[in-house]
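J.: Just need the structure, nothing else, for what follows:
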Amino acid sequence: MRVSTNWMQQQSVNTMMDRQGDLSGIQTQMGTGKRINQPSDDPVGAARAVELTHLGADTAQYQRNITSANARLGLEDQTLSSVSKVLDRIRTLTLQGMNATQTDESRGDIAAELVQLRGQLLGIANSKDSQGDYLFAGNRTGAEPFASQAGGVSYAGDEGQRMVAAGPGLQVATGDPGSTIFMNVPTGNGTFAVGATAANAGSAVAGATSVVDASAWDGGSYQVSFTGPDAYEVRDGGGALVGSGTYDPQKGGSVAFRGVQMAFDGTPVAGDSFSVAPSSTQSVFATLDAIVAEFTRTNGGGPDMQNALNGELANLDQSVGSVIQARAGVGARMNALSQQAALNDDLKLQYKTALSDVQDLDYYDAVSKLSLQSSSLQAAQLAFGKLQNLSLFNYLK
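T.: Coordinates of the predicted model:
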């Protein structure tokens, strides 16, 4: 078989080009520190590197979401703390105003401060976060949620909660709708509420209430009527007698039936009655307005005011409980975010380690290959130098 001189030279050139390509590839890897710089370097490894990169990017986004959520929840907790302080002050002033030593004038002064606290409470309820979104508007964060108008305070937000993704499959609420915290507050003790009939003529005042046997309470409406200063009877909504008993007007006492109990003080007269009904809902603003209305009445301080204010104090305590419950929910979510953040940090490290194993360069191996490829290129160049001038005519004399 004949081998042409041109063919031998071309093969030498091809060999040198191959070695140069290999050497260039090693140099690129050493310059970037990556074993895979293009998919053709390792198709399977490149696909795995893309997957790990995406997982790492997702985890980094989760961490950013958690940072943002923690900031918003922290602001909500601080805001609710301010609400608690206002409610505590309202309760203190209400108890102060119920004191028998107060006059219409002094109660009016207390009412004036309560009006200012109402405005402060409304302003807190319309607080914004660092992005300018309203904290307690649900998903309608661009519009002011609470507005004072004739007849009370209205709520323009919705019942939704803004959610963020904190991890794979984990959504965490970053706020609470204001309707839950400020508007739809249970009345009474949360199970039932007691109210005095407007026509009562005695000095009997309803006090603390409680549920002693939840299984016995049927959620119905009842009427506690005094048949005299020392006796009472309880009838249901249909007028059927449910129970009766005696009452000591000097010591006071309690009335119990159907698993519930309520305390009374003072001296009733025959015909005085008190309603017992399942709890409904009332806004904290309506509760405050009712307290102010009682303190601005002329010739106040009697049993009717005491009964009304006892009922509103129970409602106010429910508002305090609503705020406490909301803060507990915020704390639970922040704890969940903290735990997820720690888990995300672990995942980021795992993904980074796995990605490094897939695509990062082993410099010891690369230096060895660089030396080998450099020697191979030099050998190919030397061989080409010896072959390029060879011709049959060099041997013809």
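
J.: okay, now residue 247: neighbour count?
T.: Residues near residue 247, counting by other C-beta atoms under 10 Å, number 20. Where C-beta positions appear, they are placed from N, C-alpha and C, glycine not excepted.

J.: Quick check: it touching residue 232?
T.: Yes: using C-beta atoms under 8 Å, residue 247 makes contact with residue 232 at a distance of 5.5 Å.

J.: what packs against the helix or strand hosting residue 318?
T.: Assigned by DSSP states H and E, residue 318 belongs to helix 303-359. Contact here means 3 or more C-beta pairs under 8 Å, 6 or more residues apart in numbering; DSSP states H and E; on that basis helix 303-359 packs against helix 43-97, strand 163-167, strand 170-173, strand 185-186, strand 192-196, strand 205-211, helix 284-295.

J.: most tightly surrounded among these?
T.: Highest mean neighbour count of those: strand 185-186, a mean of 24 (counted as mean count of other C-beta atoms under 10 Å).

J.: Can you add distance to residue 276 and mean pLDDT and give the helices and strands packed on helix 303-359 back as TSV?
T.: Below are the helices and strands packed on helix 303-359 laid out as TSV (distance: least, C-beta to C-beta, whole Å; pLDDT from 0 to 100):
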stretch	distance to residue 276	mean pLDDT
helix 43-97	23	91
strand 163-167	41	94
strand 170-173	36	94
strand 185-186	15	97
strand 192-196	6	96
strand 205-211	9	95
helix 284-295	19	96
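
J.: what's the closest of the ones you listed to residue 324?
T.: helix 43-97 (7.5 Å; C-beta to C-beta).

J.: That closest one: what's the following helix or strand?
T.: Next element after helix 43-97 (DSSP H and E): helix 104-125.

J.: Show me what that following helix is in contact with.
T.: Helix 104-125 has contacts (C-beta atoms under 8 Å, 6 or more residues apart in numbering) with 79, 82-83, 86-87, 89-90, 93-94, 96-97, 102, 136, 145-146, 148, 153, 178, 182, 284-285, 288-289, 291-292, 295-301.

J.: in it, what counts as buried?
T.: 107, 108, 110, 111, 114, 117, 118, 121, 122, 124, 125 (16 or more other C-beta atoms under 10 Å).

J.: from the residues you listed, which single one is nearest residue 267?
T.: residue 107 (23.8 Å).

J.: What separation do you get for that closest one and residue 315?
T.: 19 Å (C-beta to C-beta, to the nearest Å).

J.: for residue 169, same thing?
T.: Residue 169 is 40 Å from residue 315, by C-beta to C-beta.

J.: So which of the two has more stuff around it?
T.: Taking neighbours as other C-beta under 10 Å, residue 169 and residue 315 compare with residue 315 leading, 25 against 6.

J.: Pop the domain breakdown of this structure in here.
T.: Split into domains by automatic domain parsing, the chain comes to 1-33+364-397, 55-187+316-347, 194-279.

J.: and the nearest residue to residue 327 once chain neighbours are set aside, how far is that from residue 219?
T.: Spatial nearest neighbour of residue 327, excluding adjacent residues (C-beta to C-beta, 6 or more residues apart in numbering): residue 80 at 5.0 Å. Distance from residue 80 to residue 219, counting by C-beta to C-beta: 30 Å.

J.: Likewise for residue 341?
T.: 44 Å.

J.: So if I had to pick from those two, which one is more boxed in?
T.: residue 341 (18 against 10).

J.: Without its sequence neighbours, what residue ends up closest to the more buried one?
T.: According to C-beta to C-beta, 6+ apart, the nearest residue to residue 341 is residue 66 (4.9 Å).

J.: same thing with residue 130?
T.: residue 71 (6.7 Å).

J.: For residue 129, see how far away that neighbour is.
T.: 8 Å.

J.: and if you look at residue 100?
T.: Counting by C-beta to C-beta, the gap from residue 100 to residue 129 is 46 Å.

J.: So between the two, which is more surrounded?
T.: A side-by-side neighbour count of residue 100 and residue 129, using other C-beta under 10 Å, places residue 129 first with 18 against 6.

J.: so the more buried one sits right up against residue 72, yeah?
T.: Yes: assessed by C-beta under 8 Å, residue 129 is found in contact with residue 72 at 5.3 Å.

J.: Next, show the common contact partners of these two.
T.: Joint contacts of residue 129 and residue 72 (C-beta under 8 Å, 6+ apart) are residue 135.

J.: pLDDT weak spots in the stretch 251-397 of the chain?
T.: Judged by pLDDT under 70, the stretch 251-397 of the chain has its weakly predicted residues at 356-397.

J.: now do 80
T.: Scanning the stretch 251-397 of the chain for pLDDT under 80 picks out 354-397.

J.: sorry, back to before: now flag whichever of the buried residues of helix 104-125 is closest to residue 265.
T.: For these, the minimum distance to residue 265 (C-beta to C-beta) is 20.6 Å, reached by residue 107.

J.: The domains of the chain: which one's closest to residue 306?
T.: domain 194-279 (4.7 Å).

J.: How far does that closest one stretch from one end to the other?
T.: 9 Å (C-alpha to C-alpha, to the nearest Å).

J.: Pull the distance from that domain to the chain's centre.
T.: From the chain centre to the centre of domain 194-279 is a distance of 41 Å (C-alpha atoms, centre = their mean, to the nearest Å).

J.: Stretch 54-73 now?
T.: 15 Å.

J.: got the CA coordinates for it in PDB?
T.: Output of stretch 54-73 as PDB, limited to C-alpha atoms (Å, rounded to 0.1, in the frame of the first residue of the first chain):
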ATOM      1  CA  HIS A  54     -32.400  25.000  40.000                       C
ATOM      2  CA  LEU A  55     -32.900  23.300  43.400                       C
ATOM      3  CA  GLY A  56     -30.300  25.700  45.000                       C
ATOM      4  CA  ALA A  57     -32.000  28.700  43.400                       C
ATOM      5  CA  ASP A  58     -35.400  27.600  44.600                       C
ATOM      6  CA  THR A  59     -34.000  27.200  48.200                       C
ATOM      7  CA  ALA A  60     -32.400  30.600  48.000                       C
ATOM      8  CA  GLN A  61     -35.800  32.100  47.000                       C
ATOM      9  CA  TYR A  62     -37.500  30.300  49.900                       C
ATOM     10  CA  GLN A  63     -35.000  31.900  52.200                       C
ATOM     11  CA  ARG A  64     -35.800  35.300  50.800                       C
ATOM     12  CA  ASN A  65     -39.500  34.600  51.300                       C
ATOM     13  CA  ILE A  66     -38.900  33.600  54.900                       C
ATOM     14  CA  THR A  67     -36.900  36.800  55.500                       C
ATOM     15  CA  SER A  68     -39.700  38.900  54.100                       C
ATOM     16  CA  ALA A  69     -42.400  36.900  56.000                       C
ATOM     17  CA  ASN A  70     -40.600  37.200  59.300                       C
ATOM     18  CA  ALA A  71     -40.300  41.000  58.800                       C
ATOM     19  CA  ARG A  72     -44.100  41.300  58.200                       C
ATOM     20  CA  LEU A  73     -45.100  39.000  61.000                       C
END
